[in-house]
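Asker: sequence-free structure coming up:
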């Protein structure tokens, strides 16, 4: 079957070869764990039950999970095993099941969710992605996903192509957010303050790109203010190609206080409510060690 899951629609038969995402049709993952470093309403006090999938439809040059997103580190697992992992995370006390970078495995994940629900899984399902999504694929998730956690990474077409080879990224991501919002509506929380339904849009401020951030934040405010939560992230740490590619040398550094403050000011001006990271969050220790834990 030709793969048309992501906006690239590369049409590859992943039972025979790999697509842009770097993956065949077998679910491949690198870790399953209680994750305490997501937004407070996602991790809560119990931790989010995160499953980190290998491969990626974006393969960003600066990805903090570069080893699994672009170098394809991971272990193959069956749909049955993925369902068991969901249930094991529940038994560990997870607040939710957090599907990290799931786009290219959507059909398999949907079957695993159904199996887990038949075995008693009732936790909210969080779809945690880079925002480069086909609306047609998202529609297949309706009723299975409770919380959407997409990025909106770029406004500039040049940046999107240069850093992620992702044409028409901004318009694609904004249409994806609209579909996500249609499915799950405004944020809903339980008695612990954990989100059980809704959309949280993330934006990571990049070095030398604060003007791009301002444009994104302005448009998110105009289109989605009062409907979504917004998470502004300062945790950019040079990983992946930005550490070695001379053409990306200007990104081989942390953010300045000036750059992040400009983005913060824009979020306040846009009236977006949610979460604003401390600038001190830019630490390599926040990146999980991918060692097949929980698989």
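Answerer: Nice, I can see it. Not measured: the values here are computed from a predicted model. Numbering: from 1, shown residues only.
Asker: Can you check the pLDDT for residue 289?
Answerer: On pLDDT, residue 289 comes in at 88.
Asker: Which helix or which strand is home to it?
Answerer: Using DSSP states H and E, residue 289 is not contained in any helix or strand.
Asker: Give me the distance between it and residue 142.
Answerer: Counting by C-beta to C-beta, to the nearest Å, the gap from residue 289 to residue 142 is 35 Å. All C-beta atoms are positioned from the backbone trio N, CA, C, and that covers glycine.
Asker: In contact with the nearest residue in space to residue 152 that is not next to it in sequence, which residues are there?
Answerer: Among residues not flanking residue 152 along the chain, residue 173 sits closest, at 4.8 Å (C-beta to C-beta, 6 or more residues apart in numbering). Residue 173 sits next to 131, 132, 133, 150, 151, 152, 153 when contact means C-beta atoms under 8 Å, 6 or more residues apart in numbering.
Asker: Assign a three-state SS to residue 30, would you?
Answerer: strand (DSSP: H, G, I helix; E, B strand; the rest coil).
Asker: For it, give me the pLDDT.
Answerer: 97.
Asker: from memory it sits against residue 73, does it?
Answerer: Yes - at 5.8 Å, residue 30 counts as touching residue 73 under the criterion of C-beta atoms under 8 Å.
Asker: list residues touching both of these two?
Answerer: 54, 67, 290.
Asker: In JSON lines: those, plus distance to residue 40 and neighbour count.
Answerer: JSON lines is the format used below for the shared contacts of residue 30 and residue 73 (distance: C-beta to C-beta, whole Å; neighbours: other C-beta atoms under 10 Å):
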{"residue": "54", "distance to residue 40": "27", "neighbour count": "27"}
{"residue": "67", "distance to residue 40": "27", "neighbour count": "18"}
{"residue": "290", "distance to residue 40": "24", "neighbour count": "17"}
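Asker: Looking at those, which is nearest residue 39?
Answerer: residue 290 (21.5 Å; C-beta to C-beta).
Asker: Leaving out sequence neighbours, find the closest residue to that closest one.
Answerer: Distance criterion C-beta to C-beta, 6+ apart; nearest residue to residue 290, sequence neighbours excluded, is residue 30 at 4.0 Å.
Asker: Could I get the contacts of residue 173 in a markdown table, plus columns for secondary structure and pLDDT?
Answerer: Listed next are those as a markdown table, based on DSSP: H, G, I helix; E, B strand; the rest coil; pLDDT from 0 to 100:
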| residue | secondary structure | pLDDT |
| --- | --- | --- |
| 131 | coil | 98 |
| 132 | coil | 98 |
| 133 | coil | 98 |
| 150 | strand | 98 |
| 151 | strand | 98 |
| 152 | coil | 98 |
| 153 | coil | 98 |
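Asker: now those as CSV including neighbour count and distance to residue 116?
Answerer: Formatted as CSV, the contacts of residue 173 follow (neighbours: other C-beta atoms under 10 Å; distance: C-beta to C-beta, whole Å):
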residue, neighbour count, distance to residue 116
131, 25, 26
132, 27, 26
133, 26, 23
150, 22, 23
151, 20, 26
152, 26, 29
153, 27, 30
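Asker: would JSON lines of the residues you listed with distance to residue 236 be doable?
Answerer: Shown next, in JSON lines, are the contacts of residue 173 (distance: C-beta to C-beta, whole Å):
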{"residue": "131", "distance to residue 236": "16"}
{"residue": "132", "distance to residue 236": "19"}
{"residue": "133", "distance to residue 236": "22"}
{"residue": "150", "distance to residue 236": "18"}
{"residue": "151", "distance to residue 236": "12"}
{"residue": "152", "distance to residue 236": "15"}
{"residue": "153", "distance to residue 236": "11"}
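Asker: Could you report the pLDDT at residue 70?
Answerer: pLDDT recorded at residue 70 is 87.
Asker: right, and the helix or strand after the one helix or strand in the chain whose mean pLDDT sits lowest?
Answerer: Taking mean pLDDT, DSSP states H and E as the measure, helix 66-69 is the helix or strand of the chain with the lowest mean score, a mean of 88. Reading on from helix 66-69 to the C-terminus, the next helix or strand found by DSSP H and E is strand 75-77.
Asker: for whichever helix or strand comes after that next one, which positions count as buried?
Answerer: Remark: after strand 75-77, the chain's next helix or strand is helix 79-91, criterion DSSP H and E. Judged by neighbour count using 16 or more other C-beta atoms under 10 Å, the buried positions of helix 79-91 are 79, 82, 83, 84, 85, 86, 87, 89, 90.
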